[in-house]
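Trainee: sequence plus the predicted model coming up.
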Amino acid sequence: MTIEVLPGSEDRVGRRLDLAVVALSLLLGWLYRDRVVDDGFIYARYAENILQGHGFVFNRGDPVNASTSILWTFVVAALMLLMPGDRALIIGHVIVVALLGAAISRLLRHQPPWLRTLLVIASVSNVMVWKSVGLDAPLAMLLCAWVCASWERQDRPERTGFLIGMAVLARPDAVLMGGIAWMADLIRSRRPSIRMILAAALPVVPWLAYATWKFGSPVPSTLAAKTAQSRLSWWSNHGSFLSAAMRDVPLSWVLLVVGFAGIVYGWRNRSIRPQPVHLLVAYGTMQALAYTAIGAPVGYFWYFVPLAFALLLWGGLGLEQLAAAWEPPFTSKSRFWQSLPPARVAWCFAILGSFEVVWAAASFAWTHPFYRCSAVYRSAAKMVAGLEAKDRTLAATEIGYLGYYSQVRIVDIHGLIHPDSLKEIRAGHNWWWLATNPDLVLVHEPPWFGEPGYAEFDPAAERRFRDGYELVATFGGRGAGKVKGAGAAVVQLWARRPSAWPASIPKAEAAP
C-alpha cells in the first residue's frame, strides 16, 4: 500500500491532532473530575506523607510499600506542591493522557492521516483510560510509547534503556516492554545492546536498593496480598484475566477480528512492514497472557489498559491493510479528497467514522456513572476527620478516599498495607482485622469480602462485632445522611462501644 503525502501535510496533521488531543483530554478530565478511582488516593496519601516529612509511608510510622508505581507517586507529590491531592490526581491524569495521545500520534505518523486521526482520538477517549482516573496505568503506557519511539532511532540505545527503566518504575510489568524492545533491537542489529540494559538499570537499581533496606523487600506488599486474593478465588466468578479483559474492553472482539483479517490480507500481499507501534501491540498482548498465566486478580480493571491499546492498534493496523482492497463508489478532483492518501480509503474513512463515534460514546456512557462510591467515601471520611481525636483507627476494604480525607490511621481489611496479616488471610480468616480493635469500621451494603455480614464471615467474629460495635452513620442510598449523586451506593459507619464515638456528634437513627 503506497501512501502519498502532500508536502507539509503530515506536519499539519500532527499539529492539528495535538490540538485535538489537548482539547479532548481537557474535556474528558472536566467531565470525570470527581471520578477518581479509590486506589488513586493511596498515591495521594503517600505523596502527602512524603511532602510532610513522614517518609514513604501510608500510615505514619509504618514503613510499608503499598504503592505499585513509584514514579506516579512522585509525580502526584510534585503536583501536590501546587494543589490539593484530589486536583493533583485528575490534572496529572489529564496531562499524561494528552502526552499519551501525542506519543501515539508520533508512532503513527507514517500511517494514512484518516487512520492516524481515528486511532489517536480513540486512544485519548479510551474507556479503560478514563475508568482508571488517578492511577498509574496511563503513565506506564506513555513511557512504553516513548520506548517504542526511541527504539525507532537506532543510534539511541541509552535513551531507550533509560525510558525502559522509568517505565518499570511506573509499573513493574513494563519490564515486558523492556524485554520486547531489547529483543527487537537484537534482531535488528544482530548484536545484544549492553548499553540499553545498563541504562535501564540506572533508575531502577537505586530504588530496589532503597526498598530492600527500608521495607525489607524490593517487591510492593500489594503483590502478595493480591496473589492471595486469586488463590482464595475472590474473583473466580469473573473468569480468567484474559476473558475478563476481553469482556471489559469495548469492541474487543471486533478489533481482534478486523486486525486478524487485515494482517492475513497484508501477509498474503506482502504489504506488511515492521513498525515501532508493533512493539506496543506485542507488549499489551504479552502482558495479558502473562497475567492470565499467573492467575492475576481481575477486579483491578486498570490492569486491562495495555491490552486495550494493543487491541485498538491491532485493529487499526489491520484496517489499514483492508482499506487497500476497498474502492470508493465515486471519485473527485477535489484537493481535499486527493489529499487523503490514498484516495480510495476516503470511503473507508466515511464508513468507519461511525466506529469512532461508538468508541467515544462508549467512554462517556460506560465510565461516567462507574464510580458511584466516591461521594459516600468522601462524606464518611470527612465525618471521621471532624472527630476530636486524630489517633483513632478506621478499618475498611477501600482505603484511598478514607485514608486521604480522614487523616486517621487505616486498617486495611484486605491486607494490602499489612504484610503481617497475609498468613491469616491465606488461611481464610478474613476477620483477622477485628483483633486490632479498630475504633471505627466502614461496611458496604451489601457487605464486601472480609466485612461483617459477608457470607464467609466467621459467625463467632460476627457476634463479636455486633456486640462490640454500634451503627453511627449511614451514607448514600435512602438511608440517613444521603449523599447527592451517590446513586445506589450505601456504606455504614460503625463505632466501637462505648467510647469510640464522641457524645457531641449524634448517631444515626437508621437500624443496621
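Mentor: Good, I have the coordinates. Numbering: from 1, shown residues only.
Trainee: Arg392 and Asn437 touch, don't they?
Mentor: No. Assessed by CB atoms under 8 Å, Arg392 is found out of contact with Asn437, at 11.2 Å. For the C-beta atoms, the positions are set from N, CA and C on the backbone; glycine is no exception.
Trainee: so the two - more neighbours on which side?
Mentor: Here Arg392 and Asn437 are compared on neighbour count by other CB atoms under 10 Å; more neighbours surround Arg392, at 18 against 12.
Trainee: so what's the residue lying closest to that one once chain neighbours are set aside up against?
Mentor: Spatial nearest neighbour of Arg392, excluding adjacent residues (CB to CB, 6 or more residues apart in numbering): Asp439 at 4.2 Å. With contact taken as CB atoms under 8 Å, 6 or more residues apart in numbering, Asp439 is in contact with 392-394, 495-496, 500.
Trainee: and the helices in the stretch 401-512 of the chain?
Mentor: 422-426, 459-468 (DSSP state H, counting those that start in this stretch).
Trainee: what's the offset of the shortest one from the middle of its chain?
Mentor: Put simply, helix 422-426 sits 26 Å off its chain's centre (CA atoms, centre = their mean, to the nearest Å).
Trainee: and for stretch 95-106?
Mentor: Per CA atoms, centre = their mean, the centroid offset for stretch 95-106 relative to its chain is 16 Å.
Trainee: stretch 73-82 too?
Mentor: For stretch 73-82, the distance to the chain centre is 18 Å (CA atoms, centre = their mean).
Trainee: likewise for stretch 144-163?
Mentor: On CA atoms, centre = their mean, the centre of stretch 144-163 falls 23 Å from the chain's centre.
Trainee: please parse the chain into its domains.
Mentor: What automatic domain parsing lists as the domains of the chain is 9-330+337-367, 373-496.
Trainee: these into a markdown table, with extra columns for mean pLDDT?
Mentor: Shown next, in a markdown table, are the domains of the chain (pLDDT from 0 to 100):
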| stretch | mean pLDDT |
| --- | --- |
| domain 9-330+337-367 | 85 |
| domain 373-496 | 83 |
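Trainee: show me where the stretch 301-450 of the chain has strands.
Mentor: Listed from the start of the chain, the stretch 301-450 of the chain has strands (DSSP state E, counting those that start in this stretch) covering 393-396, 409-412, 440-444.
Trainee: relative to Leu143, which of those strands is closest?
Mentor: For Leu143, the closest of the strands of the stretch 301-450 of the chain is strand 409-412, at 28.4 Å, according to CB to CB.
Trainee: ok so, going back, now list the buried members of the contacts of Asp439.
Mentor: 392-394, 495-496, 500 (16 or more other CB atoms under 10 Å).
Trainee: return the member of these nearest to Ala88.
Mentor: Leu394 (22.9 Å).
Trainee: contacting residues around the closest one?
Mentor: Here Leu394 is in contact with 384, 402, 406, 408-411, 438-442 (CB under 8 Å, 6+ apart).
Trainee: how about Thr436?
Mentor: Counted by CB under 8 Å, 6+ apart, Thr436 has contacts 393, 395, 411.
Trainee: likewise for Thr292?
Mentor: 240-242.
Trainee: so which of these are in helices?
Mentor: Using DSSP state H, the members of those that fall in helices are 241-242.
Trainee: and stretch 210-228, how far out from the chain's middle?
Mentor: 20 Å.
Trainee: with stretch 24-44 instead?
Mentor: Centre to centre, stretch against its chain (CA atoms, centre = their mean), the figure for stretch 24-44 is 11 Å.
Trainee: how far does that stretch stretch from one end to the other?
Mentor: 25 Å (CA to CA, to the nearest Å).
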